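>>> Sequence and predicted structure below; questions after.
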Amino acid sequence: MQPTGSGLEVAVVGENGRRRTFKLKTFPLPGWHKPLADAFARCTGASGTLRTPESAAGVFWCWHRFLVALASLVDPPATPGELTVDHLECYWRQRHAQVKQRGLVHEVRAVGRVVGEMPAGMIAEEVDAWLHRRRSVGQNPAIGGYSDREFNAIMAAARSEVAAIRSRLQRGQRLVTRYEREPDTLSAEERRLAKVLAEIAATGEIPVIAHDSRAWDNHPMMTLARQLFVTGFDLGPLLTLAVGISGRNLETLKDLTIEHDVLEDKAVRVEVIKRRRGPARMFETVHWEIGTPSQQLRRPGGYYLLLEQMMRLGRSFSGTSSLWSVWDPPDGHHGPFDVGLHLKDWHMQRWKQRHPLLDDNGQPLQITSLRLKKTVDIRNTRAAGGHLPSSIRSNTMPVLFTNYLRGDPSVHDWAGGVITAALSDAETAAQACHARVLAGQVTTPNNAALQLDVTATTATDLLAGNLDTAVTACADIDHSPLDGGGRCGVSFLMCFGCSNALVTHNHIPKLKALLDWLIDERGKIALDLWWRRYGMAWIAITEHIRPKFTPAEWDRAQPAEGLPELLALLDGPQEPR
C-alpha cells in the first residue's frame, strides 16, 4: 500500500506472475480509505488468501459497491467505527433489489473477508457477526452437461477448426522454407508472397495495408498474418478443444506456460495453476499423454506440444512466457492472457457461427467451457464405473460431485441404472451363496454334524480347525464341485458359492478381516471391477453369513491379523515399496 497524489494505491503481485495496481481514488467515504487499503494489502500479501490479481479484483470491486451503497444512505458511516447493523440492513435491502441472492451473499463474504484483516476493535462486534453470518445463497438451477451426441458434435467442429489452423500455418512455413532453399521451384506469384512472408518471419512486422473495411477478420493485413501466426480469431476453437481434451477449466488452460518436460516421448509434464486452493496450493504438476502423431488433436500431451509449436514463432516476437501468443491489430504480437484472463466475446463467437450446431431439442447449441468441462468430468466418472477416486482429474471429490456431477440429468439416469444393476447382482450373488453356517458355540461334534449335515468325523475335524482354509472351512477339498470334481484349485473367494464351504463361530475374526480388506479395496479400484471380483464374497458375508450370528457374537470377535498380506497375493507378486 502506498499513498500517491491522487489517493491510496495497493499493488498486487500474484502467484501467477501477474501484477495489478488497485486505486481507491474513485471510492466514496474517504474515512474508510486508509483502513481499507491496509486490510486489503494484508489480504493480498504473503499471508493473505487472495493469491492472484483476478481474485483480488473481485473483492476490490465488491468493496466499491459496498461503499457506494453506504454513501447513498441518509446518514452514512464516515469511518469503519461508525458502521452499524442498521447500515448493513439498509445496504442489504438496497442491493437485494439490484442483484440476485447468490451475488449479494458473495459480495457480503468479500466485504467480511477484508474486515477480518482490520485491527481488533475497529469494527463493532455485532457488525463483524452480521458480516460473517451464514446465509443461504438460494437455489441455483443445475446446468447439465452435454449429451454424447452434442459433445461429439462440439469436439468435431473444434477439431476441424484446429486442423485447418494447423494446415494454414504449415503451408505458410513450407512456402517460406521453399523460398529460402529452392526459390526457383516457386511461381512468380508464389515468390512475391513468399518474399513478404519471409520478411514477416524475420522481423515479425506485418506490412501496413490500407483497407476500407473496419472488420479485421477479412483485412489484408490479417490475411498475411494468419499464414504464419495464430491470431485472436483462432483462440475460440483452440481453447474449446483444449477443454474437451484435457478436462481442465478455461482459466487453468489460459495460464499454461511453455515450461514443460517431454518424458520418453510418451508424456508431457506441465505445471498448471489451480485456483481456489489457498496459499501454497496454487500449482499442480500434471502428466499428459502425447499419443501417436495421428492423435495430436485427441491427446492432451500431443495437443499441448502442437500449440507450443504453432505459436513458437509469434512468441519470439511477443516475448511472452505463456503458451499463448497471438497477433492482433493494433496490439501486434502479445500474450493474450499476460495481463488478465478475460476473453473477448468475438474470440469465441466467430468460429461458432461457422458451425451452427443444434442441441438434442433442435435448438441452437450454446457452447460454454463450463458445460464442456462438466461433460468431460461426467464421462470420466462414468468410464471409472462411478468410482470418484478413479475419475478425479482436476478437482477434489467434494468439488467434483457438488459442482459437476450432482444435478446433471444424465448422471441421474446413468447412476440409476448402475444402482439397479448392482441390486440385481446382489440378489443373484446372495442366492448363489451355498456356505453352510454353524451359528453359536457348539461343543460336540454330533451336534455340529446334525446342524451342518456332515459326518461326525468331518464335524470333529471342523471343530478342531483341521478343515480351515483362508477364511472358512472346506468339508471335502479333494472333491470340489467348482473344479470338475477334483481337488479344489479355485480362489478361496469362491468358497462362498460352494456347497463344501463351512462356517463356524471360530471363523468370524477372519471374515471380519476380509470385510475390512474388501472395504479398503473399494477405495482403490473402479466400482464395476470391484463388483466383478468381490461382489459375491461381500454379499455372502453381509447378507447370508453375518445374520446367522447374534450382534454380540459378531461384535465381540476381533478381526484376524495377517490376512491382508495373504489377500494381497490375489493380485500376484507386488513390486517392493
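Arrived safely. Note that the coordinates shown come from a computational prediction; the quantities given were computed from them, not determined experimentally. Numbering: from 1, shown residues only.
>>> contacting residues for residue 326?
Listed by C-beta atoms under 8 Å, 6 or more residues apart in numbering, the contact set of residue 326 reads 229, 230, 231, 232, 234, 235, 311, 314, 333, 334, 336. C-beta: built from backbone N, CA, C; applies to glycine.
>>> Tell me what it is bridged to.
residue 334 (DSSP bridges).
>>> Relative to residue 229, how far out is it?
From residue 326 across to residue 229, the span is 7 Å (C-beta to C-beta, to the nearest Å).
>>> Mutual contacts of these two, please.
What both residue 326 and residue 229 touch, as defined by C-beta under 8 Å, 6+ apart, is the set 311, 314, 333.
>>> Most neighbours out of those, which is it?
Ranked by neighbour count (other C-beta atoms under 10 Å), these have residue 311 at the top, with 26 neighbours.
>>> roughly how far apart are the residue nearest to that residue when sequence neighbours are not counted and residue 486?
Of all residues not flanking residue 311 in the chain, residue 325 sits nearest, at 4.5 Å (C-beta to C-beta, 6 or more residues apart in numbering). Using C-beta to C-beta, residue 325 is found at 71 Å from residue 486.
>>> Looking at these two now, which is surrounded by more residues?
residue 325 (28 against 9).
>>> ok, the more buried one touching residue 309?
No: counting by C-beta atoms under 8 Å, residue 325 sits too far from residue 309 to count as a contact (11.8 Å).
>>> do you know how far residue 182 is from residue 199?
In terms of C-beta to C-beta, residue 182 sits 18 Å off from residue 199.
>>> ok, now residue 28?
For residue 28, the distance to residue 199 - C-beta to C-beta - is 54 Å.
>>> Helices of the stretch 1-150 of the chain, residue ranges please.
For the stretch 1-150 of the chain, the helices defined by DSSP state H, counting those that start in this stretch cover 33-44, 53-71, 85-96, 101-115, 125-131, 148-181.
>>> before we move on, back to that, more neighbours: residue 182 and residue 199, which one.
Counting neighbours by other C-beta under 10 Å for residue 182 and for residue 199 shows that residue 199 has the greater number, 14 against 9.
>>> Can you tell me how far that one is from residue 170?
Taking C-beta to C-beta, one finds residue 199 at 20 Å from residue 170.
>>> quick one: low-confidence ranges for the stretch 251-400 of the chain?
275-282, 340-348, 383-400 (pLDDT under 70).
>>> repeat that for 90
251-252, 255, 264-265, 271-287, 291, 328-331, 336-356, 359-360, 366-371, 373-400 (pLDDT under 90).
>>> rewinding a little: filter the contacts of residue 326 down to the buried ones.
Neighbour counting by 16 or more other C-beta atoms under 10 Å classes 229, 230, 231, 232, 234, 235, 311, 314, 333, 334, 336 among those as buried.
>>> Please enumerate the helices of the stretch 201-350 of the chain.
Under DSSP H, counting those that start in this stretch, the stretch 201-350 of the chain gives helices at 220-225, 235-246, 250-254, 300-310, 312-318, 345-353.
>>> So what touches the fifth one?
By C-beta under 8 Å, 6+ apart, the surrounding residues in contact with helix 312-318 are 201, 204, 228-230, 258, 325-327, 332-335.
>>> and the closest residue to residue 87 other than its chain neighbours, how many neighbours does it have?
In space, and not counting its chain neighbours, residue 87 is closest to residue 77: 5.5 Å by C-beta to C-beta, 6+ apart. Applying other C-beta under 10 Å, we find 20 residues neighbouring residue 77.
>>> likewise the one 4 residues further on?
Using other C-beta under 10 Å, residue 81 is surrounded by 13 other residues.
>>> Break down the stretch 251-400 of the chain into its strands, ranges please.
260-263, 267-273, 283-289, 326-328, 332-334 (DSSP state E, counting those that start in this stretch).
>>> ok, and which of these has the densest surroundings?
The highest mean neighbour count among the strands of the stretch 251-400 of the chain, using mean count of other C-beta atoms under 10 Å, belongs to strand 326-328: a mean of 24.
>>> any idea how far that one is from the chain center?
Centre-to-centre, strand 326-328 and its host chain are 30 Å apart (C-alpha atoms, centre = their mean, to the nearest Å).
>>> Likewise for stretch 28-35?
On C-alpha atoms, centre = their mean, the centre of stretch 28-35 falls 40 Å from that of its chain.
>>> From the rest of the structure, what touches it?
Contact partners of stretch 28-35, identified using C-beta under 8 Å, 6+ apart, comprise 7-8, 24, 27, 67-68, 70-71, 76-80, 118-119, 122.
>>> Domain ranges for the chain, per the record?
Per automatic domain parsing, the domain ranges recorded for the chain read 2-131, 148-353, 436-571.
>>> Which of those domains comes out lowest on mean pLDDT?
Among these, domain 436-571 carries the lowest mean pLDDT, at a mean of 79.
>>> Would you mind giving the strands of the stretch 251-400 of the chain as JSON lines with distance to residue 457 added?
JSON lines is the format used below for these (distance: least, C-beta to C-beta, whole Å):
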{"stretch": "strand 260-263", "distance to residue 457": "63"}
{"stretch": "strand 267-273", "distance to residue 457": "62"}
{"stretch": "strand 283-289", "distance to residue 457": "61"}
{"stretch": "strand 326-328", "distance to residue 457": "86"}
{"stretch": "strand 332-334", "distance to residue 457": "89"}
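>>> Let me know which of those is the nearest to residue 51.
Across the strands of the stretch 251-400 of the chain, residue 51 has its closest neighbour in strand 267-273 (9.3 Å, C-beta to C-beta).
>>> Show me what the closest one is packed against.
helix 250-254, strand 260-263, strand 283-289, helix 300-310 (3 or more C-beta pairs under 8 Å, 6 or more residues apart in numbering; DSSP states H and E).
>>> Pull the distance from the third one to the chain's centre.
If I follow you right, that is strand 283-289. On the basis of C-alpha atoms, centre = their mean, strand 283-289 sits 12 Å off its chain's mean C-alpha point.
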